[in-house]
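*Asks:* Please work out how this folds:
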Amino acid sequence: MSTRLLWICVSLCCLAAITFLLIRSSVHVSSSQRSNEQAPEIVTEISQSALPPAQANSASTVIETGEDARSTLAAPIAKSQIPAPGSTQRAAPMPGQPFPTKSPDADPSQPVERQAEVWSYPPLLQQNASNNFVRAMMNLANARTESDRYRVLGEAAKSDFIYGRIEDARNYARELLSLDEKFKDEPWRDGNAVYNGHLVLGRIAAEEGRMDEAREHLLESGKSTGSPVLGSFGPNMSLARDLLQSGERDGVLQFFDLCRRFWTIGDETLTLWSEDVKAGRMPDFGANLLY
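*Replies:* Sure, this is the predicted structure:
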């Protein structure tokens, strides 16, 4: 009888211990879930008053959530900060289609109506451009020295251009080329500055109808000494496309030959593009219109 009673006591103790462990585990899981649900959001804003005048309307919000504090662009660009689509945009010829014969420079006294280029992009590329715009403006806002600005001005100028912020893009491109001249003897200088500065100024000239000036900028961009990006992904061809749309062929073919010096792995691609141009067709520049 005593043995049976002892086994009953042992069984009851084991059952109590198991129940205790189950309750403790449940409480721990519930506590962890509440902790994750209540993880505070840390919101960091770029103060507009802290930005240079050209960036005052480019402020954005970055949200970091949880222990990883991973930053995401919560509101890439507020609608009030982006020019709304309105005016008619000139449609670019599709690859393989003939481009027009060369046209004379437009009358500079006539205003040029232009919609921000980004609105011609597919939705996914619009979002990507929006993220790039915010990143470029944030990097520029955080640049404290001339060398810091030198490294980020190119992306800022390109982003401003596709969003129709022409004067900001012009100023950033000019500043970039000025700093490139100042830093020409520095070992860390690369060819991105020359390429991006002339790319943006050339695209602005083309938009404003100064095609001869746009052609000069195209050829100057081709004189870049190159960089890891230019040597791998290749050069941005948006200015070359702009000039082809106006009927300029010879300058674009010269530009392709200049690019062979720093984009050696793209030699075959440049040859195909050259053949298209000589045949009067618009080349398929693909991703080289985007970066």
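*Asks:* from here on, contacts and neighbour counts on C-alpha atoms
*Replies:* Noted.
*Asks:* Next, count neighbours for the nearest residue to residue 221 once chain neighbours are set aside.
*Replies:* Ranked by CA to CA, 6 or more residues apart in numbering and with sequence neighbours excluded, the top spatial neighbour of residue 221 is residue 195, at 4.3 Å. By the measure other CA atoms under 10 Å, the count of residues near residue 195 is 26.
*Asks:* Over to residue 128?
*Replies:* Residues near residue 128, counting by other CA under 10 Å, number 12.
*Asks:* Now name the helix or strand holding it.
*Replies:* Under the criterion of DSSP states H and E, residue 128 resides in helix 123-141.
*Asks:* quick one: secondary structure of residue 223?
*Replies:* coil (DSSP: H, G, I helix; E, B strand; the rest coil).
*Asks:* Please identify the helix or strand for the nearest residue to it once chain neighbours are set aside.
*Replies:* For residue 223, ignoring the flanking residues on the chain, the nearest one in space by CA to CA, 6+ apart is residue 258 at 6.5 Å. Using DSSP H and E, residue 258 sits within helix 250-259.
*Asks:* Please name every helix or strand in contact with that helix.
*Replies:* Here helix 250-259 touches helix 211-221, helix 238-245, helix 267-278, going by 3 or more CA pairs under 8 Å, 6 or more residues apart in numbering; DSSP states H and E.
*Asks:* List phi and psi for the spatially closest residue to residue 285 that is not a sequence neighbour.
*Replies:* Spatial nearest neighbour of residue 285, chain neighbours left out: residue 237 (6.8 Å); criterion: CA to CA, 6+ apart. Backbone geometry at residue 237, expressed as degrees, to the nearest 10, gives phi -110, psi 20.
*Asks:* Tally up the residues packed near residue 237, please.
*Replies:* 19.
*Asks:* Would you confirm that it contacts residue 286?
*Replies:* No - in this structure residue 237 lies outside contact range of residue 286 using CA atoms under 8 Å: 9.2 Å.
*Asks:* one step back: wait, what's in contact with the residue nearest to residue 223?
*Replies:* With contact taken as CA atoms under 8 Å, 6 or more residues apart in numbering, residue 258 is in contact with 219, 222, 223.
*Asks:* now, which of the residues you listed sits nearest residue 180?
*Replies:* The shortest approach to residue 180 among the contacts of residue 258 belongs to residue 223, at 13.5 Å (CA to CA).
*Asks:* Which residues are in contact with the closest one?
*Replies:* Residue 223 makes contact with 194, 195, 258, 259, according to CA under 8 Å, 6+ apart.
*Asks:* before we move on, what about residue 200?
*Replies:* 157, 158, 161, 169, 170, 173.
*Asks:* Dump these to TSV, plus secondary structure and distance to residue 144.
*Replies:* Formatted as TSV, these follow (DSSP: H, G, I helix; E, B strand; the rest coil; distance: CA to CA, whole Å):
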residue	secondary structure	distance to residue 144
157	helix	18
158	helix	20
161	helix	23
169	helix	19
170	helix	21
173	helix	18
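*Asks:* Neighbour count added to those residues, as JSON lines?
*Replies:* As requested, the contacts of residue 200 are exported to JSON lines (neighbours: other CA atoms under 10 Å):
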{"residue": "157", "neighbour count": "30"}
{"residue": "158", "neighbour count": "27"}
{"residue": "161", "neighbour count": "22"}
{"residue": "169", "neighbour count": "27"}
{"residue": "170", "neighbour count": "22"}
{"residue": "173", "neighbour count": "26"}
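*Asks:* sorry, back to before: nearest to residue 230, of the helices and strands packed on helix 250-259?
*Replies:* The nearest among the helices and strands packed on helix 250-259, by CA to CA, is helix 211-221 at 11.3 Å.
*Asks:* The closest one packs against which elements?
*Replies:* helix 192-207, helix 238-245, helix 250-259.
*Asks:* Show me the one of these that comes nearest residue 266.
*Replies:* When those are ranked by proximity to residue 266, the top entry is helix 250-259, at 8.7 Å, counting by CA to CA.
*Asks:* That closest one - what's its average pLDDT?
*Replies:* Per-residue pLDDT over helix 250-259 has a mean of 98.
*Asks:* which stretches of the stretch 51-200 of the chain form strands?
*Replies:* 61-65, 70-75 (DSSP state E, counting those that start in this stretch).
*Asks:* Lowest average confidence across these, which one?
*Replies:* Across the strands of the stretch 51-200 of the chain, strand 61-65 gives the lowest mean pLDDT, at a mean of 30.
*Asks:* By mean pLDDT, flag the weakest helix or strand of this protein.
*Replies:* Between all helices and strands in the chain, the lowest mean by mean pLDDT, DSSP states H and E belongs to strand 61-65, at a mean of 30.
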